[in-house]
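>>> below are the sequence and a predicted model; questions follow.
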Amino acid sequence: MYDVISIGAATIDIFAKSHQFLVKNNLLSLEYSSKNEISQSLICSGGGATNSAVSFSRLGLKTACLSLTGNDILKTYILNDLKENNVSTNFLTISENDTTDFSIILVAPDGGRSILTNRGQSRLEEKNINWDKLKSKWLYITSLEGNLDLLEKLIGYALENNIKIALNPGNRELLQKKSLLPLIKQVNFLLLNQNESELLVEKCKNKTDFWDKLIALGAKTIAVTNGREGAYIFSQGRQYYSPIINVEPVDETGAGDAFGSAFVASLIHRLDIKEALNWGIKNSASVVAFLGAKPGLLTLDQIK
């Protein structure tokens with residue numbers, strides 16, 4: 001029995017930060033045909049499933065990662081990162097005829113970033129899961145590359161087996177709003193950023209009925225993060241808010257994964273919603289102070 005199984009994407013993240021990147025009019029740019037210096041770089045595993053799984057493990061939980069990789073040299077980065085962080089790879093499937101997904105992440109001097117993603121042809125499917133061994137207190141489901149049939153199967157399995165569900169949907173799920181909304185009603189914890197929440201309720205945050213429509217989605221607890229403006233939580237008829245912890249940002253990649261995983265980890269440790277919000281804010285603040293989504297993830301002793 002695991003405390004939590006993280007499900008979704010496993011990728012390779014290739015980070016390049018340069019003080020020569022220009023940020024103007026909401027654009028990250030370089031002079032055309034120029035040669036520029038990289039000030040910091042990193043190659044490591046990424047994706048919502050591996051990021052959250054490593055976070056859960058560091059926070060003292062028995063954790064597994066359920067994901068799909070290609071059959072190439074890149075998969076070794078993922079396997080090594082998970083094993084070094086005591087995350088079980090028993091649910092990791094290798095797609096023999098595909099390559100591992102990867103992202104090139106261009107990081108601006110202020111920590112903001114733009115991401116280029118290369119996705120393979122394969123995605124996680126029902127056949128890739130050993131359902132008989134899927135025993136856990138929680139399923140933490142991140143992007144499934146639009147596979148709502150699998151999401152419905154996972155939620156149904158969780159309900160039948162008294163497993164709690166956390167959901168951080170990706171863009172491909174959100175674009176299938178009509179099919180996604182009935183599934184959200186079964187979720188214990190829903191994690192969205194501001195843009196995602198506005199897409200789901202078709203309202204801007206500054207509209208008077210925005211929050212009412214968000215709560216009406218039906219998830220038991222909903223988190224809305226908004227980058228440097230902090231995070232809101234809605235649970236059992238109550239609203240909670242926390243600003244961010246002011247740190248010098250190095251790279252904002254993985255802040256959402258860090259927040260959501262720490263929030264759920266706190267609930268598994270039987271802490272209340274206020275403390276769960278505090279854990280999420282602490283973990284995300286630590287992550288953005290480092291290059292990459294994993295180096296800054298806090299341990300249980302550190303977050304306490």
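Here it is on my side, so go on.

>>> surely residue 114 is in contact with residue 106?
Yes - with contact defined as CB atoms under 8 Å, residue 114 reaches residue 106; the gap is 5.0 Å. C-beta coordinates here come from the backbone N, C-alpha and C atoms, glycine included.

>>> so where do the helices sit in the stretch 151-300 of the chain?
171-174, 177-184, 194-201, 210-215, 255-268, 273-287, 300-303 (DSSP state H, counting those that start in this stretch).

>>> so which of those helices gets nearest residue 233?
When these are compared by CB to CB, helix 273-287 sits nearest residue 233, at 5.3 Å.

>>> residue 10 touches residue 92, doesn't it?
Yes - counting by CB under 8 Å, residue 10 touches residue 92, with 7.1 Å between them.

>>> shared neighbours of residue 114 and residue 106, anything?
Applying CB atoms under 8 Å, 6 or more residues apart in numbering, one finds that residue 114 and residue 106 are jointly contacted by residue 28.

>>> looking at these two, which is more packed in?
Neighbours were counted for residue 114 and for residue 106 using other CB atoms under 10 Å; residue 106 has more, 19 against 14.

>>> each with direction, which strands does the helix or strand where the more buried one lies pair with?
Element membership of residue 106, judged by DSSP states H and E, is strand 102-107. Taking DSSP bridges as the criterion, strand 102-107 pairs within the sheet with strand 11-17 (parallel), strand 113-118 (antiparallel).

>>> which residues touch the longest one?
The reference is to strand 11-17. 38-47, 50, 74, 77-78, 100-109, 117, 250-251, 253, 291-293.

>>> reformat the strands paired with strand 102-107 as a markdown table; add mean pLDDT and distance to residue 262.
Listed next are the strands paired with strand 102-107 as a markdown table, based on pLDDT from 0 to 100; distance: least, CB to CB, whole Å:
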| stretch | mean pLDDT | distance to residue 262 |
| --- | --- | --- |
| strand 11-17 | 92 | 20 |
| strand 113-118 | 88 | 21 |
